[in-house]
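Colleague: Make a model of this:
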Amino acid sequence: MAFNSSTGSALGNQELSDLLVKAALSDPRVSAPGFDSSRVFALASVLLASPSAQQTKKQLLKSMKTVYLFHITQEAKGEERSWFVDMKKKGRVGLLEGKEKAPLKPDVTVWIGDRDFVGLATGKLNPQKLYAAKRIRVRGNLDKALEVEKILSQERQKLEGLAPRSKEDGEKKEKGRWLEVKEKVKAKL
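Modeller: Residues are numbered from 1 along each chain as shown. Coordinates of the predicted model:
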């Protein structure tokens, strides 16, 4: 159990989760300012490093055996940043600086817009429809590219777990709780 020194009380799971995500968002190894995708990668990093997720992480590593490289374009600014997701050896996420190469050779490279990536991660956009509309480009094993859905679905479950339950829960299913988490993280920054 974590301890809050300012209040003298124990932190609850929600508070601890919020602090971990906030810390990951300020970590330059994972987060890029101005990119909403940073939240997804920061959360993935926190989840993969979480002691309670080690069994799930082992299962994902065993079944996926893939290194992903994501080139994310921030449409409004025309900037591009790249993240790698190592689901082959260590189960980790990292932001690449400039022309830096991923620590392992990527099996799958994906080019996608920032908003589209967040939509994909939150389940609002379908990867096949994005591909058909040429809003996502994939190089490498297409079957492995579609397996990224395994990571994202694990993430979605955790995103929903981080968000507080509301009495309007039934109405918000369509919208998802990602917005609540996003607003909560922004408020804490």
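Colleague: can you map out the strands along the protein?
Modeller: Counting by DSSP state E, the chain has strands at residues 3-4, 9-10, 66-74, 79-87, 92-96, 108-113, 136-140.
Colleague: mind checking which of these is nearest P28?
Modeller: Of all the strands of the chain, it is strand 92-96 that lies closest to P28, at 7.1 Å by CB to CB. Where you see a C-beta, it was placed from the backbone N, CA and C, and this is true even at glycine.
Colleague: could you give me the average pLDDT of the closest one?
Modeller: Average pLDDT, strand 92-96: 93.
Colleague: So which bits of it are buried?
Modeller: 92-96 (16 or more other CB atoms under 10 Å).
Colleague: swap in stretch 97-114?
Modeller: The neighbour-count check on stretch 97-114 (16+ other CB under 10 Å) flags 102, 106-114 as buried.
Colleague: try stretch 44-51
Modeller: Buried, per 16+ other CB under 10 Å, within stretch 44-51: 44-48.
Colleague: Please apply the same query to stretch 64-82.
Modeller: For stretch 64-82, the neighbour count (16+ other CB under 10 Å) marks 64, 66-70, 72-74, 81-82 as buried.
Colleague: got a list of contacts for stretch 126-136?
Modeller: Defining contact as CB atoms under 8 Å, 6 or more residues apart in numbering, one finds that stretch 126-136 is touched by 110-113, 116, 120, 138, 145-146, 148-149.
Colleague: Any idea which of the residues you listed the model trusts least?
Modeller: E149 (70).
Colleague: Could you report the neighbour count for that one?
Modeller: Neighbour count of E149, defined by other CB atoms under 10 Å: 13.
Colleague: For it, which non-adjacent residue is closest in space?
Modeller: Counting by CB to CB, 6 or more residues apart in numbering, E149 lies nearest to P127, which is 6.8 Å off, once chain neighbours are set aside.
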